[in-house]
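K.L.:
Kindly return the folded structure for what I paste below:
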Amino acid sequence: MSYSSNRMAESSMRGSRDSSLVNSTETKAMVPDNIKAEQAEPNNALDFTGEEERKQPRWWENKPYEQKAVDSAYGWVVVVCGSLMLMFSMGCVNSYGSYQTYYHLNQFPSEEMSTLSWIGTLQWAAMNAVGIPAGILCERMDTRLVSFIGGLIMGAALIIASFCDSAVWKLLVTQGIIFGLGASLVFIPAVTIPSQWFIKHRPLAVGIVVAGGGVGGLWLTPATDSMINSLGTGWALRITGIIVVVINSVCSIGMRNRLRVQSRDKVVDFSVLRDIRFLCVFAGTICGTIAYFTPFFNMPSFAVVVLGHSTSFGTNLVTIINAMSTLGRVVTGQVAVYLGNINTLLICTLMAALSELVLWLPFETTGTTVASAVIYGLFCGGFIGLIPVIMADLWGVQRISTIVGLVYIASFAGGMIGAPASGAILDTVGHNTDFKPTIAFSGAFMSVAFIFFVGLRFIANKSLFSKL
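P.N.:
Numbering: from 1, shown residues only. Below is the predicted model of the structure:
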């Protein structure tokens, strides 16, 4: 009896307990999720909300735009905006020769041409030298704001320079250094943000953006000549400055980030300097940039002194190089989609070197010189456009701004070495009539750049026929 009673009591207790569990579960099921969370862990919920509020970026900070998919239509909006921004930043740098000629003949006739050329050199040098700070700003601030500020600085520099007609040093500061600083704040976002929006078409997208600088040089040079001849340098600078501010202000609206960069303790992560792949890119960029400007600067003089053509023919050779370079940045970007970015970079660097060493160096004929200009222009454009894409492929798009900034320090160093060195070789070794030592100098350094990029290729992947 007692054993039976105990069994019945246990069954009754289990039934009561199960019933209470069912009722409790049903009651919880009817409670909304947000209320359940507050009932379960009210303190944690409040802390989590506060943490999320603290994580929201302030108005000047980097904002993600992740609701847009990669390779989406909006990515091409970023490409168009970046291309237009480079058209007026790099275009102004490329068209400085028009101002230099007028300064030398009219405004500062007592100044040496080498002194006036430093204005254009400082534009390009400042743009590359502050690549690291510009990359840091792009990681920690909204890139739309960074590029907008850059446009304001460029425009203000040109407008202020329009009133600096009494001393060359004023133009060195305004039209040279300050403009270059603003151009860097435009250049780094323009060449890095498109990589966030594309995977399949990343090389083509960046190639189109970089081609904008070549297009700007093609049409801004004659436009600047026309304004200077009609209105003088003052109004030419003011009009150009106003256009730069307006175009850049509109285009900066479209330069959205797709990804938000994770905050790091280090302002700049220099650990990449211990990566042998980065060192190959860095060294190859220095050598390639040392060689890069020689055909631009010396082929016109070669056409006049050696071939006996007019100065207009020499100018046309530079136009051919610029036009083919613009085309090459787009074409090689599309080729890289199928062959791989590093493989295409190897082809571009090798062909640029061969165009100098095989066509320009041994021959002194018009046909080979024009052929060299065409081939060099087509492939040197790929050298410029593919470096940012390779950075994104190897180290990811979230670190690309500061890494590209580091690489453009190499570009700055190469440019500061290459142009003065080639000029000094022509003066001292070639006595301004023999261009062979200068051509050999340029071709040799482009060949060394090719060797460094070959090292990068086989460090990244030892398979000879892999797409990389």
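K.L.:
just for the stretch 251-400 of the chain, where's the confidence low?
P.N.:
Filtered on pLDDT under 70, the stretch 251-400 of the chain yields the residue ranges 260-269.
K.L.:
switch to 80 and redo it
P.N.:
259-270, 311-312, 315, 383, 397-400 (pLDDT under 80).
K.L.:
Please enumerate the strands of it.
P.N.:
Counting by DSSP state E, counting those that start in this stretch, the stretch 251-400 of the chain forms no strands at all.
K.L.:
can you give me the helices for the stretch 351-468 of the chain?
P.N.:
366-395, 400-428, 436-460 (DSSP state H, counting those that start in this stretch).
K.L.:
between the last one and helix 366-395, how many degrees?
P.N.:
What that stands for is helix 436-460. Orientation of helix 436-460 against helix 366-395 (axes from the mean of the first three to the mean of the last three C-alpha atoms, to 10 degrees) gives an angle of 30 degrees.
K.L.:
Helix 436-460: which residues count as buried?
P.N.:
Buried positions in helix 436-460, judged by neighbour count with 16 or more other C-beta atoms under 10 Å: 438-450, 452-457, 460. Quick note: C-beta positions are derived from backbone N, CA and C, even for glycine.
K.L.:
Centroid-nearest residue for the chain?
P.N.:
When the chain is reduced to its mean C-alpha position, the closest residue under C-alpha atoms, centre = their mean turns out to be residue 191, at 3.2 Å.
K.L.:
Check whether that one really touches residue 82, as I assumed.
P.N.:
Yes. Using C-beta atoms under 8 Å, residue 191 is in contact with residue 82, at 7.2 Å.
K.L.:
anything in contact with each of these two?
P.N.:
Residues within reach of residue 191 and of residue 82 at once, by C-beta atoms under 8 Å, 6 or more residues apart in numbering, are residue 209.
K.L.:
for the helix or strand that the residue nearest to the centre of the chain is a member of, packing partners?
P.N.:
Following DSSP states H and E, one finds residue 191 within helix 179-197. The contact analysis (3 or more C-beta pairs under 8 Å, 6 or more residues apart in numbering; DSSP states H and E) places helix 179-197 against helix 73-94, helix 113-129, helix 131-140, helix 143-161, helix 202-231, helix 366-395, helix 400-428.
K.L.:
re the thing from before, of all the helices of the stretch 351-468 of the chain, which one is nearest residue 106?
P.N.:
Among the helices of the stretch 351-468 of the chain, the nearest to residue 106 by C-beta to C-beta is helix 400-428 (24.3 Å).
K.L.:
And residue 320, how far from residue 250?
P.N.:
32 Å (C-beta to C-beta, to the nearest Å).
K.L.:
same question, residue 277
P.N.:
Distance of residue 277 to residue 250, computed by C-beta to C-beta: 38 Å.
K.L.:
which one of these two has more residues nearby?
P.N.:
Neighbours of residue 277 and residue 250, each counted by other C-beta atoms under 10 Å, are more numerous for residue 277; the result is 17 against 14.
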